[in-house]
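*Asks:* My questions concern the predicted model and sequence given below.
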Amino acid sequence: MVQLSDGEAVPYDTLVIATGVEARQLPAAEGIGGVSTLRDYQDALKLRGALVDGNHLLVVGAGFIGLEVAATAISKGCVVDVVEPAPSALMGKFPAELAERIHDTHVDRGVRFHFGQVVDQWHVENGEITSVTLSQGQTLRADAALVGIGTIPAVGWLEGAGLELANGVVCDHVGRAAEDVYAVGDVSNWHHPRLGENRRIEHRLSAGEQAQVVASVLTGDAVPALDPPFFWTDQYDEKWQAYGYIHADAEVEIVLDDPEANRLVATLKRGGKLDAVIGKNAAKHLIPFRRELRAAETQTIEQ
């Protein structure tokens, strides 16, 4: 059974955990007007209201959320500063060679990056942010700020419940966390047979596909193979798409580079095996690689 916050006990035959994630916060910035994260509709409305021509936007975090917001803000006429403690954008999330291209596009559009730094002081007037001072002493005007420093799986309510919790709810390859207990979506840490390990995948399509797998298990239908992870990011006039498993030690080969069409395709391999493909404005060109990756995933599960 599950006990609710008002004390009511709700019995179940099968439990599916789909509580998602919470935005990681910066304690020093909590409660300051004009500083927000981006997790829900109200956050989006609040941020949109700050993207006004001439406003200065501070973005903390050079991940995908931070860079997408930076691109949108630049298109609205904002002055954008991105503060990132790592030495480069998208570190650990994207191959360095490709992340550098994304970074260069932002610089060409006017985004100012401050790598290897954190916000040391938040300056406030009448409860609203006005500026920040960085760890190397530079002060930046900030009419608004977005904190995009990742997420935390929403598993606090499961402490002591007997489930294995490690970067989310640990599951097998069909989402089973314990007898009659399953988890799907951002909160779940599924086992991926082709990797031979567990990984928490925070992509919208993966959440839907995991739900289909669990639904098939519960209804006794044929269980579909979980598709390799797929996500995309839209920044300016560039749509980057990634399919498969991205590893830091992968060998990156650019198999198509067409500057005039602003198009690129890169493969990621380890030990000669294709692990992922990444494209920029190249959806059709990714199709054969996606077929190869999907076939390899299905074959692994069947074995």
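*Replies:* Thanks, I have the structure now.
*Asks:* Averaged pLDDT, the helix or strand where residue 243 lies. What do you get?
*Replies:* Here residue 243, judged by DSSP states H and E, is contained in strand 238-244. What strand 238-244 shows for mean pLDDT is 97.
*Asks:* Walk me through which strands the helix or strand following that strand pairs with, and which way each runs.
*Replies:* Where DSSP H and E defines the elements, the next helix or strand beyond strand 238-244 is strand 251-258. Note on strand 251-258: by DSSP bridges, its sheet partners are strand 263-270 (antiparallel).
*Asks:* So which residue is smack in the middle of this protein?
*Replies:* residue 202 (5.6 Å; Cα atoms, centre = their mean).
*Asks:* Enumerate the positions of the strand holding residue 243 that are buried.
*Replies:* For strand 238-244, burial by neighbour count (16 or more other Cβ atoms under 10 Å) applies to 238, 240-244. Every C-beta, even on glycine, is put in place using the N, C-alpha and C of the backbone.
*Asks:* how about TSV for the residues you listed, with distance to residue 90 added?
*Replies:* Shown next, in TSV, are the buried residues of strand 238-244 (distance: Cβ to Cβ, whole Å):
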residue	distance to residue 90
238	13
240	10
241	15
242	11
243	17
244	17
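*Asks:* ok so, going back, count of residues packed around the closest residue to the residue nearest to the centre of the chain other than its chain neighbours?
*Replies:* Nearest non-adjacent residue to residue 202, counting by Cβ to Cβ, 6 or more residues apart in numbering: residue 186, 4.8 Å away. When neighbours are defined as other Cβ atoms under 10 Å, residue 186 has 23 of them.
*Asks:* for residue 131, same thing?
*Replies:* For residue 131, using other Cβ under 10 Å, the count is 17.
*Asks:* Please report how far it lies from residue 145.
*Replies:* For residue 131, the distance to residue 145 (Cβ to Cβ, to the nearest Å) stands at 10 Å.
*Asks:* Could you measure from residue 126 over to residue 47?
*Replies:* 20 Å.
*Asks:* next one: residue 120
*Replies:* In terms of Cβ to Cβ, residue 120 sits 23 Å off from residue 47.
*Asks:* how about the helices in the stretch 101-250 of the chain?
*Replies:* Using DSSP state H, counting those that start in this stretch, the helices of the stretch 101-250 of the chain run over 204-219.
*Asks:* low-scoring stretches of it, by residue?
*Replies:* Across the stretch 101-250 of the chain, nothing is flagged by pLDDT under 70.
*Asks:* Next one: the nearest residue to residue 76 once chain neighbours are set aside, what pLDDT does it get?
*Replies:* Among residues not flanking residue 76 along the chain, residue 51 sits closest, at 4.3 Å (Cβ to Cβ, 6+ apart). For residue 51, the pLDDT comes out at 97.
*Asks:* Residue 51 contacts residue 74, correct?
*Replies:* No - between residue 51 and residue 74 there is no contact under Cβ atoms under 8 Å: 9.6 Å.
*Asks:* Can you name the residues bridging to residue 121?
*Replies:* Beta-bridge partners of residue 121, as defined by DSSP bridges: residue 133.
*Asks:* Could I get the contacting residues of residue 64?
*Replies:* Residue 64 makes contact with 90, 93, 233 under the criterion Cβ atoms under 8 Å, 6 or more residues apart in numbering.
*Asks:* For the first one, give me its contacts.
*Replies:* Listed by Cβ under 8 Å, 6+ apart, the contact partners of residue 90 are 62-64, 67, 99, 102-103.
*Asks:* out of those, who's nearest residue 276?
*Replies:* Distances from residue 276 to the contacts of residue 90, taken as Cβ to Cβ, are shortest for residue 99 (14.1 Å).
*Asks:* Now do the same for that closest one: helix, strand or coil?
*Replies:* Following DSSP: H, G, I helix; E, B strand; the rest coil, the label given to residue 99 is helix.
*Asks:* Model confidence for it, exactly?
*Replies:* pLDDT at residue 99 comes out at 97.
*Asks:* mind checking the SS state of the closest residue to it other than its chain neighbours?
*Replies:* Nearest non-adjacent residue to residue 99, counting by Cβ to Cβ, 6+ apart: residue 90, 4.0 Å away. Using three-state DSSP as the criterion, the local structure at residue 90 reads coil.
*Asks:* Distance check, residue 36 against residue 250.
*Replies:* Residue 36 is 34 Å from residue 250, by Cβ to Cβ.
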